[in-house]
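> build me a structure from this.
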Amino acid sequence: MPWRITAATRHSATLGTSTAELSFSIHACGEYSESGYSEGFRLPFTRAPFLTAGTGTDIDSFPEGDLSGVTSREIASLKLKMSDGGTLSVHPRSAPHRLWRTLPWLRDLRFFDEYFPAGVKPREVVVLDRAGRVLARCRSKRGSFTWAG
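This next block holds a predicted model:
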């Protein structure tokens, strides 16, 4: 699928704040129009590690689902425990370095989008640091996962 993540910084002179805005979108493909979701984060980022992720919403007839999201840079991998008993490993990746000059806050984030067969859903996300230590276990029946250390 032609997924794209776009990033922008929004400034509010009235509130004196800045926000990092990320949009995850799937572009028009055949009979499907553009779909997706957005995340916003207050800048500067907290120093505590974090994860935010959500599953796709069956927007197409393709035979898979997905879990996409953002983590802080301290998070090296995620283990997805699936509803069918299986486990998937996810390794969030940084944005291209060439974008760090324009949006320096991107260096603090890691992104991922993991696909899995339709009918199977992630039930738990285990968050691991670079040393392989478990930082958190996030459970969800709805497919939305959020954690801040």
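> show me what residue 89 is bridged to.
Per DSSP bridges, the residues bridged to residue 89 are residue 79.
> hang on, isn't it packed against residue 78?
Yes: taking CB atoms under 8 Å as the definition, residue 89 is a contact partner of residue 78 at 7.4 Å. Every C-beta, even on glycine, is put in place using the N, C-alpha and C of the backbone.
> list the pairing partners of the helix or strand bottoming out on mean pLDDT in the chain within its sheet, with orientation.
Sorting the helices and strands of the chain by mean pLDDT, DSSP states H and E puts strand 35-43 at the bottom, at a mean of 84. Strands that pair with strand 35-43, judged by DSSP bridges, come out as strand 17-26 (antiparallel).
> my guess is residue 23 meets residue 36, correct?
Yes: if you go by CB under 8 Å, residue 23 and residue 36 touch, sitting 6.1 Å apart.
> out of the two, which sits in the more crowded spot?
More neighbours surround residue 36 than the other of residue 23 and residue 36, with 17 against 14 (other CB atoms under 10 Å).
> is the more buried one in a bridge, and if so with what?
Using DSSP bridges, the bridge partners assigned to residue 36 are residue 25.
> any idea how far it lies from residue 147?
Using CB to CB, to the nearest Å, one obtains 22 Å as the distance from residue 36 to residue 147.
> what does residue 65 give?
Counting by CB to CB, the gap from residue 65 to residue 147 is 21 Å.
> repeat that for residue 22.
Here residue 22 is placed at a distance of 17 Å from residue 147 (CB to CB).
> what do you get for residue 87?
Taking CB to CB, one finds residue 87 at 18 Å from residue 147.
> quick one: contacts for residue 126?
Under the criterion of CB atoms under 8 Å, 6 or more residues apart in numbering, the contact list for residue 126 reads 78, 79, 81, 134, 136, 137.
> oh, that last question was meant for residue 10, not what I typed.
Neighbours of residue 10 in contact, by CB under 8 Å, 6+ apart: 18, 19, 21, 40.
> one more: residue 73?
For residue 73, the contacting residues are 94, 107, 108, 109, 110, by CB under 8 Å, 6+ apart.
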